[in-house]
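1. Dropping the sequence and predicted coords here.
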Amino acid sequence: MNIFQRWKQTAVHNKALVFTGVLVAFGTLFYAGAAVVQVCIMRASSKQASRQTDKLITAASDVKAALEAANIQNRQALTSTLSQSKTALDTTIKASHLDQRPWVVISRFLLSSEPAVNTEIKISFWFANTGKTPAIGVVQQSALLVALYRPPMTKFVLPQIVPSRSILAPGTTNLRGDTTPSQIPEPHLGKYLKKSEALYFHAILRYKDVFHTDHWTTVCVIHTYGQLLDEFTSCEEGNEMDSD
């Protein structure tokens with residue numbers, strides 16, 4: 001008996017069960033296939049979403065880097081602008097201070113008398129403020145020397161206790177200073193009288209401006225025997241002043 005004959009002899013309810021089983025099997029296969037397709041679609045969607053997310057992250061990183069670069073550039077530009085503005089302001093202030101500062105100089109000299117035996121001499125000098133603002137705390141130091149050749153400029157050291165300080169108004173020319181009276185010893189006296197040596201006057205003037213900036217002036221002049229008592233010649237070196 002073959003399969004077909006056996007199928008004919010099978011009861012109807014058994015045939016129904018067989019048909020039901022076949023349908024269930026096909027249904028299971030269909031749902032399984034649908035599930036597989038759905039999983040594949042979900043995987044593809046997940047990969048697409050991951051790629052989109054990566055692109056968004058990359059774009060956000062690029063935006064962040066661009067913002068940071070722009071911020072750094074703006075800071076550098078601002079720093080450069082502020083630095084240039086400060087430099088320009090400092091230059092303007094310095095130029096203004098330089099234009100308004102005091103300038104203290106010695107305007108004239110006077111030898112008390114020509115040197116002689118047992119005679120003390122001194123040099124009187126008058127300083128002037130040719131600037132536009134007062135010179136404050138003016139301190140002068142001076143020295144009188146006799147030499148054949150121009151001696152090195154005297155190194156004046158500011159004493160810890162200054163005898164007196166003066167305020168020199170703009171245009172003032174009558175503030176006077178004097179060297180310490182002294183005698184010219186031999187053999188310098190004889191050489192001076194023979195014009196083989198000369199009198200040298202060294203001085204330094206220290207003062208401040210109204211902005212409390214320190215300033216100074218150094219002076220070196222020569223007097224030769226036979227010149228008028230108020231006649232002095234400037235040394236080749238030693239006449240200087242600060243330029244700030």
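-> Here it is on my side, so go on.
2. pLDDT on stretch 229-244, on average?
-> Averaged over stretch 229-244, pLDDT sits at 93.
3. isn't Asp99 right next to Lys132, touching?
-> Yes - judged on Cβ atoms under 8 Å, Asp99 makes contact with Lys132 at a distance of 7.2 Å. Where you see a C-beta, it was placed from the backbone N, CA and C, and this is true even at glycine.
4. of these two, who's got more company?
-> A direct count of neighbours by other Cβ atoms under 10 Å for Asp99 and Lys132 places Lys132 higher, at 13 against 10.
5. what's downstream of the biggest helix by length in the chain, the next helix or strand?
-> Longest helix in the chain by number of residues (criterion: DSSP state H): helix 12-100. Using DSSP states H and E, the helix or strand that follows helix 12-100 towards the C-terminus is strand 104-111.
6. Parallel or antiparallel, list what pairs with whichever helix or strand comes after that next one.
-> Under the assignment DSSP H and E, the closest C-terminal helix or strand after strand 104-111 is strand 120-121. Sheet pairing here is set by DSSP bridges, and for strand 120-121 it gives strand 182-183 (antiparallel).
7. in whichever helix or strand comes after the partner strand, what's buried?
-> The element immediately downstream of strand 182-183 (helix or strand, assigned by DSSP H and E) is helix 188-193. Burial within helix 188-193, assessed by neighbour count using 16 or more other Cβ atoms under 10 Å, is assigned to His188, Leu189, Lys191, Tyr192.
8. So for the chain, the centremost residue is which one?
-> Centroid check for the chain by Cα atoms, centre = their mean gives Thr87 as the closest residue, at 8.5 Å.
9. From Gln76, how far off is that one?
-> 16 Å (Cβ to Cβ, to the nearest Å).
10. List the residues that contact the residue lying closest to Gln183 once chain neighbours are set aside.
-> Of all residues not flanking Gln183 in the chain, Glu120 sits nearest, at 5.4 Å (Cβ to Cβ, 6 or more residues apart in numbering). By Cβ atoms under 8 Å, 6 or more residues apart in numbering, the contact set of Glu120 is Pro181, Ser182, Gln183.
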